[in-house]
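Asker: Make a model of this:
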Amino acid sequence: MNLKVGDKVVVIAGSSKGKEGKIIKTLKKENKVIVEGCNIIKKHKKGNGNETGGILEVEAPIHASNVMILDPKTKKGTRIGHENDKNNKKIRIAKKSSEKID
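Answerer: This next block holds a predicted model:
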């Protein structure tokens, strides 16, 4: 998976299609990501002695194939490529604009 925590992505499929957000968490074994403000579900939580219960709205995981990283130059979805920099370190680049992705 080429996505990392903190990447800005756009959702390209599903009920949250078109929304943009930042990756909060990656689930590498399941090949899923949790995007801030996207794929909101309602979760029923039972209260205990310290906390109150209720219906919470939380972000659910989205499959990594349903998000695209935002191109730093055009601010649109793009695929990710890899190149080696001058120190022979592998870096991620945006395929559309050949810009480096931080």
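Asker: switch to C-alpha atoms for all contacts and neighbour counts from now on
Answerer: Noted.
Asker: my hunch is that residue 9 is in a strand, does that hold up?
Answerer: Yes: counting by DSSP: H, G, I helix; E, B strand; the rest coil, residue 9 is found in a strand.
Asker: how far away is it from residue 52?
Answerer: Using CA to CA, to the nearest Å, we find residue 9 at a distance of 34 Å from residue 52.
Asker: Which one's more surrounded, those two?
Answerer: Neighbours were counted for residue 9 and for residue 52 using other CA atoms under 10 Å; residue 9 has more, 25 against 9.
Asker: List the contacts of that one.
Answerer: Listed by CA atoms under 8 Å, 6 or more residues apart in numbering, the contact partners of residue 9 are 20-23, 35, 67-70, 77.
Asker: hmm, who's touching the strand ranked longest in the chain?
Answerer: Among the elements of the chain assigned as strand by DSSP state E, the one spanning the most residues is strand 20-27. With contacts defined as CA under 8 Å, 6+ apart, strand 20-27 is touched by 3-11, 32-38.
Asker: before we move on, what SS does residue 65 have?
Answerer: Residue 65 ends up helix, using three-state DSSP.
Asker: In this structure, mark out all the helices, start to finish.
Answerer: Shown for the chain, no helices are assigned by DSSP state H.
Asker: which residues of it score low on pLDDT?
Answerer: Along the chain, the model assigns pLDDT under 70 to no residue.
Asker: can you give me the strands for it?
Answerer: 8-11, 20-27, 32-35, 40-45, 54-59, 62-63, 67-70, 77-78, 80-84, 90-94.
Asker: wait, what's in contact with the closest residue to residue 102 other than its chain neighbours?
Answerer: Closest residue in space to residue 102, ignoring its immediate chain neighbours: residue 92 at 7.6 Å, by CA to CA, 6 or more residues apart in numbering. Going by CA under 8 Å, 6+ apart, residue 92 touches 80-83, 100-102.
Asker: Distance of the residue most central in space within the chain relative to residue 12?
Answerer: Centroid-nearest residue in the chain, with CA atoms, centre = their mean: residue 23, separated by 3.6 Å. Distance from residue 23 to residue 12, counting by CA to CA: 14 Å.
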